[in-house]
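# The following comprises the amino acid sequence and a computationally predicted model.
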Amino acid sequence: MANDDLGRTLRRLRRLASLTQEELAERSDVSVDVIRQLEQGRKHSARLPTLHALANGLGVELTTLLGDPPAVSTGENDGPRFVAVRRAIMPALWVAEPKTPGPDFSLPDLREQIAEGWTQYHAAEFDTVMKTLPDMISDARAATAAPDSTDQGTGFAALGKVLQLAGHVAVRMGKTDLALIGLERAIEAAGRSSDPLLPAMIVNSVAWTYQRQGRLGDALSIALHAAADIKDNGHTGTADGLKVWGALTMSAATSAARSNDYERAASLMEHAEKEAARVAKLPQGSDSRMVSVFSPSSVRIERVRLAVQYGHPEEALTLAKGMRLSKDTPPSWRTWLLLDVARAHTDLSDAAGAVKALESLRRVAPTWMQHHTLAVAIVRDLWALPNHPPGLRSLAEFLGVGE
């Protein structure tokens, strides 16, 4: 659970940087009044462009400003399980080459384990994923030593996909540098695999990690480059290829919007939404758990998110109203939608509507909600109101707010 609010963190980081409020306002191009309200606890949250600007002005990563990374709590941040994952991502130098898999090894079984790991990740079951990651990485490395060249290619694909998963977990732990090391090694493995789409999928994970580090220009550039490569190589004629292109395009839109280029972001999302309608009409490919998330539902969820983050709560609620989510929409995307709806209601001073959305979020993802700094910030904002709607006290107690 988030133990420190945004205002205290902002004040501590500003003082460590030896900046006055006025100097930080000038560096970040954020109103000094907003900085004062945050530091004095009169305002408990801010839109992402503001947070990115403050982080850049302070010279820190966005995750440092937000406090605990979203949706993760594993007790000790560098406990035995995390140490095992780190060692699996970065084995010691000059270790022996992986041995050929034994007779009991099954590559299809390994791929199923990795796919299930992604399902658990999207359900915020991070502790479960961390238990299994080291063995999966070890097994995937062994699979790359298979005597058959076809099996080797499939083994490298498994290694790329499981290292990508490890990179995502590292991001959720707030270890973005380790994540980038794992993702770079994942891209290397993907390049030796039998899956032409896998390198671009992992590039999208790199773009997301860059976003978390505040490297928005880098994130935008690599997402657009990879999306263009997918299209130029003719991969958008299959459902899997179009999903990879679409996820990269949405990632580029997010980076553009967070750089305050909302017009470009809207154009990219409009293009993505048109293309998403083609996914169901194209030849279907591999296990959906192993491919980028892209569908009419995911595009709409991302549009809701961008509308909320950039000060259009009415538009966000209009977009969210009556949404029917496709069956392959991961739980993490569903929970983000509920959080964004709650934020939109809060921005419109509709406390009852916000509480209703948060109650739904608590039912479907209680652990995720407890450790998400934005969920805590919304409840703090609501708790600061003079009149508390029914249900708010229970939510406040659940998140440890108002004590």
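All right, it came through fine. Numbering: from 1, shown residues only.
# shaky segments in the stretch 1-150 of the chain?
Under the criterion pLDDT under 70, the flagged ranges of the stretch 1-150 of the chain are 1-4, 48, 61, 63, 67-78.
# give me that answer again for 90
Scanning the stretch 1-150 of the chain for pLDDT under 90 picks out the ranges 1-9, 12-13, 16-17, 41-53, 55-82, 92-105, 121-127, 146-150.
# elements contacting the lengthiest helix in the chain?
Secondary structure of the chain per DSSP state H: the longest helix is helix 149-172. Under the contact criterion of 3 or more C-beta pairs under 8 Å, 6 or more residues apart in numbering; DSSP states H and E, helix 149-172 touches helix 80-89, helix 107-122, helix 126-143, helix 176-191, helix 198-212. No exception for glycine: its C-beta is placed from N, CA and C like everyone else's.
# Mind putting those helices into a markdown table with mean neighbour count and distance to Arg15?
Shown next, in a markdown table, are those (neighbours: other C-beta atoms under 10 Å; distance: least, C-beta to C-beta, whole Å):
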| stretch | mean neighbour count | distance to Arg15 |
| --- | --- | --- |
| helix 80-89 | 17 | 30 |
| helix 107-122 | 18 | 36 |
| helix 126-143 | 20 | 32 |
| helix 176-191 | 21 | 24 |
| helix 198-212 | 23 | 24 |
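# Output those helices as a markdown table; include the columns distance to His235.
As requested, the helices and strands packed on helix 149-172 are arranged in a markdown table below (distance: least, C-beta to C-beta, whole Å):
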| stretch | distance to His235 |
| --- | --- |
| helix 80-89 | 28 |
| helix 107-122 | 21 |
| helix 126-143 | 24 |
| helix 176-191 | 14 |
| helix 198-212 | 8 |
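# between those, which one is nearest to Arg300?
helix 107-122 (17.6 Å; C-beta to C-beta).
# orientation of that closest one relative to helix 126-143 in degrees?
For helix 107-122 against helix 126-143, the angle by axes from the mean of the first three to the mean of the last three C-alpha atoms, to 10 degrees is 150 degrees.
# who's in contact with helix 107-122?
Contact with helix 107-122 is made by 101, 128-129, 132-133, 136, 139-140, 143, 146, 151, 154-155, 158, 161-162, 165, 168-169, 287, 289-290, 330-333, as judged by C-beta atoms under 8 Å, 6 or more residues apart in numbering.
# can you do 7 Å?
With contact meaning C-beta atoms under 7 Å, 6 or more residues apart in numbering, helix 107-122 is reached by 128-129, 132, 136, 139-140, 143, 151, 154-155, 158, 161-162, 165, 168-169, 287, 289-290, 330-332.
# Same check on stretch 37-55?
Stretch 37-55 is touched from outside by 5-7, 10-11, 28-30, 34, 61-62, 65, 214, 258, 260, 309-311, 374, 377-378, 380-381, with contacts defined as C-beta under 7 Å, 6+ apart.
# Drop anything exposed from those.
Among the contacts of stretch 37-55, the ones that count as buried by 16 or more other C-beta atoms under 10 Å are 5-7, 10-11, 28, 30, 34, 61-62, 65, 214, 258, 309-310, 374, 377-378, 380-381.
# now the residue of the chain most remote from its centre: how far from Pro147?
The outermost residue of the chain, judged against the average C-alpha position, is Pro103 (37.8 Å), by C-alpha atoms, centre = their mean. Between Pro103 and Pro147 the computed distance is 13 Å (C-beta to C-beta, to the nearest Å).
# what does Met201 give?
In terms of C-beta to C-beta, Met201 sits 27 Å off from Pro147.
# Lys131 now?
31 Å.
# out of the helices and strands packed on helix 149-172, nearest to Met369?
helix 126-143 (14.1 Å).
# relative orientation of the longest helix of the chain and helix 107-122 in degrees?
20 degrees.
# Report the contact partners of the most centrally placed residue in the chain.
Closest residue to the average C-alpha location of the chain: Trp208 at 6.6 Å, with C-alpha atoms, centre = their mean. By C-beta under 7 Å, 6+ apart, the contact list for Trp208 reads Ser251.
# Check Ala320 too.
So Ala320 contacts Val304, Leu337, Val341 (C-beta under 7 Å, 6+ apart).
# Tell me, what's the model's pLDDT at it?
If you check Ala320, the pLDDT there is 95.
# Give the closest residue to Glu184 in space, chain neighbours not counted.
What sits nearest to Glu184 in space, not counting adjacent residues and going by C-beta to C-beta, 6 or more residues apart in numbering, is Val206, at 7.8 Å.
# just to revisit the earlier point, just the buried ones out of the contacts of Ala320, please.
Buried among the contacts of Ala320 (16+ other C-beta under 10 Å): Val304, Leu337, Val341.
# Please verify my assumption that the first one contacts Ala316.
Yes - counting by C-beta atoms under 7 Å, a contact exists between Val304 and Ala316, whose distance comes to 4.9 Å.
# Determine the residues that are contacts of both of the two.
In contact with both Val304 and Ala316: Asp340, using C-beta under 7 Å, 6+ apart.
# Below-threshold pLDDT in the stretch 151-300 of the chain: ranges please.
Judged by pLDDT under 90, the stretches of the stretch 151-300 of the chain that qualify are 151, 171-176, 194, 211-216, 257-263, 266, 280, 283-293.
# try 80
For the stretch 151-300 of the chain, applying pLDDT under 80 flags the ranges 214, 258, 260, 284-288.
# on that earlier part again, I'd like to know which of the helices and strands packed on helix 149-172 is closest to Glu397.
Per C-beta to C-beta, nearest to Glu397 of the helices and strands packed on helix 149-172: helix 126-143, 23.9 Å.
# Provide the contact partners of the closest one at residue level.
Contacts of helix 126-143 (C-beta under 7 Å, 6+ apart): 72, 74, 81-82, 84-85, 88, 98-99, 101, 105, 107, 110, 113-114, 117, 120-121, 155, 158-159, 162-163, 165-166, 169, 172.
# Likewise for stretch 389-403?
With contact meaning C-beta under 7 Å, 6+ apart, stretch 389-403 is reached by 1, 351-352, 355, 358-359, 362, 370, 375-376, 379-380, 382-383.
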